[in-house]
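Peer 1: I'd like to go over a predicted model; first the sequence, then the structure.
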Amino acid sequence: MKRERTIMVSMLILQLILWLGFLVHQSPRFAGSLTGGILAITAALLMIVPPLLYSATKRIPFFKEKITKRISMGTLLTWHVYTSIVGAILAILHTGHRFESNLGIWLTVMMMLTVLSGFTGRYFLSYSSKEVNEKQAELNLLATQYNQLINEIGKQPESGASHVVSNNLISRAFNSFVGTQGIATDPKSLLSHRALLLTESIADLEYAIKTHELLKRRTARWLKIHIITSSAFYILLILHIWSAIYFGLRYLR
């Protein structure tokens, strides 16, 4: 996951650099050239086919039953992530940095927002889910240890009163001299001290789990944003393809 995240961040940076290329370069005729057309068709296929295949497999039981027998959902999601960002890079190259029409500008904006929201939802949601699972497992382990300690404490005999008084007087005198807090030496007190430390660790883990669950819920909103931007992007893409075909055919006449 770390290696994949590094690759994706690098590709996002490349996409941003290519997009900012319009500041130093513009090629008005490149988008309509043969090379530009090939880039456009390839980009459209990469950004349409794998995402729609993943969405259909995820939401339609019939597709899910048939496709997941050969290809796992994780593999489909990985294809969706990589093909989308590669398609976005090819689409920016296709433009030739000519951002003049409102349709082209909004299409580019929606494309970049879709890629960014998908990346955020994919990796931050996975990270928060992984953190919650790991901390929950650690919490269960500490809770088991705490219950075992409580049982051991219940089996320990009570210490003699004279011994406790003597020990407390010596401890207090020593602690008042050196300025420290003494720790009892009888087995039951040692077990109680360990149980106290465990309760502190359990409380810290419970707080951390709540924090990560809050982060997970907030990150889940990015998936909703991703769906919204994706829908807007596909609508604009259809309009862009229709206008290219319509005006292109009219030009040939």
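Peer 2: Received the coordinates, thanks. Worth saying up front: this structure is predicted, and the values here are computed from it rather than measured.
Peer 1: Give me the below-cutoff pLDDT ranges for the stretch 51-200 of the chain.
Peer 2: 125-129, 156-186, 188 (pLDDT under 70).
Peer 1: what's the neighbour count on Tyr54?
Peer 2: For Tyr54, the neighbour count with other C-beta atoms under 10 Å is 23. All C-beta atoms are positioned from the backbone trio N, CA, C, and that covers glycine.
Peer 1: List the buried residues in the host helix or strand of it.
Peer 2: Assigned by DSSP states H and E, Tyr54 belongs to helix 34-59. Using 16 or more other C-beta atoms under 10 Å as the test for burial, helix 34-59 gives 36, 39-40, 42-44, 46-48, 50-51, 53-54, 57.
Peer 1: Closest one of the residues you listed to Glu138?
Peer 2: Of all the buried residues of helix 34-59, Glu138 sits closest to Tyr54, with 33.0 Å by C-beta to C-beta.
Peer 1: OK, contacts around the closest one?
Peer 2: Shown in contact with Tyr54 (C-beta atoms under 8 Å, 6 or more residues apart in numbering): 73, 76-77, 79-80.
Peer 1: Derive a ChimeraX selection command for the buried subset of those.
Peer 2: Buried residues among the contacts of Tyr54 (16+ other C-beta under 10 Å), as a ChimeraX selection:
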select :76,77,79,80
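Peer 1: For the contacts of Tyr54, could you give me JSON lines that also reports distance to Leu197?
Peer 2: Converted to JSON lines, the contacts of Tyr54 look like this (distance: C-beta to C-beta, whole Å):
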{"residue": "Met73", "distance to Leu197": "42"}
{"residue": "Leu76", "distance to Leu197": "46"}
{"residue": "Leu77", "distance to Leu197": "42"}
{"residue": "Trp79", "distance to Leu197": "48"}
{"residue": "His80", "distance to Leu197": "46"}
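Peer 1: Could you export the contacts of Tyr54 as a markdown table, including secondary structure?
Peer 2: Shown next, in a markdown table, are those (DSSP: H, G, I helix; E, B strand; the rest coil):
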| residue | secondary structure |
| --- | --- |
| Met73 | helix |
| Leu76 | helix |
| Leu77 | helix |
| Trp79 | helix |
| His80 | helix |
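Peer 1: Ile17: which of the contacts of Tyr54 is nearest?
Peer 2: His80 (23.3 Å).
Peer 1: Just list the residues touching the closest one, thanks.
Peer 2: Applying C-beta under 8 Å, 6+ apart, the residues near His80 are 50-51, 53-54.
Peer 1: In those residues, find the pair that's most separated.
Peer 2: Applying C-beta to C-beta across these, the maximum distance is between Pro51 and Leu53, 7.2 Å.
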